[in-house]
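Trainee: turn this into a structure:
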Amino acid sequence: MLKQRFITGIILAPLVIAGFVLLDSLWFAVMVGAIVSLAAWEWARLAGITAQVGRVAYAGLVALLLIGLYLASWPPYLLWLSLLWWLLALVLVLQYPEGRALRAGLLPLAYGLAVLLPAWAGLVWLRAQNGGLWLLLAAVVMVWAADIGAYFAGKSLGKRKLMPRVSPGKTLEGLLGGVLLTQLLAVGAMLYLNWSASSILAGMLGTLVVVLFSVVGDLTESLFKREQGLKDSSNLLPGHGGIMDRIDSLTAAIPLFALGWFLFGSLLG
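Mentor: Numbers count the residues shown, from 1 in each chain. You can find the predicted model right below:
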């Protein structure tokens, strides 16, 4: 398993990094759209669709919607809708396993659109901004740091389960460790950039919100995997599970980070 994880990472990481650095505008949107469409194929399984034709059809629908959004120069309210969705997702996670009416029928398929479309939109919008690569790097590092801090704090100090009915491995101490590490990194970066004191406070608050919702993104995917009795979203990435298993936190963090920068980016620094 470790060997598979290593080989997969060695192959994919340079390709994704090269795409983020070298591709611009249309081709960047196409690359991210391809990844999101594959994630949609996985989400269909999390939503209860087991037939391959149904999963492919759902992925095709998502791809068509992404094309439509790109051609329409998607409006910012898509990011506001993402905020509303992740607030609802928080309710789903906190209520689980109750609240079955909110997970019945076609609702999980609609939730998949709310997870994936704004994530794509946020990435494309951030990449198009001045310093877009640095903004993307900041958002991704924020999530990675939260994961790393949570892992080591949870391993060494973890005693109190965070949401045992959804994800038994997560602890409150791990959550706090992830928050602490991201705050330290964020403050260090903002001091290096000579941000004002008020901007640093706003940046710390924004970092906290994004990190907390990245955890909600992780827990939301865990919830739907648990509903379907799945360990991984798929086996597309040998040793890593599926694409959704790699981007679940980012699907929440990216659109909320983009929304924050859309609203307040010009005031910071």
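
Trainee: drop to CA atoms for contacts and neighbour counts, all remaining ones
Mentor: Noted.

Trainee: how near is A18 to D24?
Mentor: Computed as C-alpha to C-alpha, to the nearest Å, the A18 to D24 distance reads 11 Å.

Trainee: which one's more surrounded, those two?
Mentor: Using other C-alpha atoms under 10 Å as the criterion, A18 and D24 rank with D24 on top: 15 against 11.

Trainee: measure the more buried one to W134 for me?
Mentor: Distance, D24 to W134, by C-alpha to C-alpha: 14 Å.

Trainee: where do the helices of the stretch 151-269 of the chain begin and end?
Mentor: Here the stretch 151-269 of the chain has its helices, by DSSP state H, counting those that start in this stretch, at 172-192, 197-228, 243-264.

Trainee: show me where pLDDT drops low in the stretch 151-269 of the chain?
Mentor: In the predicted model, the stretch 151-269 of the chain carries pLDDT under 70 at residues 238-240, 266, 268-269.

Trainee: switch to 90 and redo it
Mentor: 158-159, 232, 234-242, 246, 263-269 (pLDDT under 90).

Trainee: which strands border the longest strand along the chain, and is each parallel or antiparallel?
Mentor: Using DSSP state E, we find that the single longest strand of the chain is strand 167-171. Counting by DSSP bridges, the strands paired with strand 167-171 are strand 161-163 (antiparallel).

Trainee: give me the contact list for the strand it pairs with.
Mentor: Residues outside strand 161-163 that contact it (C-alpha atoms under 8 Å, 6 or more residues apart in numbering) are 94, 168-172, 175.

Trainee: one more time with 10 Å, if that's ok
Mentor: With contacts defined as C-alpha atoms under 10 Å, 6 or more residues apart in numbering, strand 161-163 is touched by 93-94, 96, 154, 167-175, 219.
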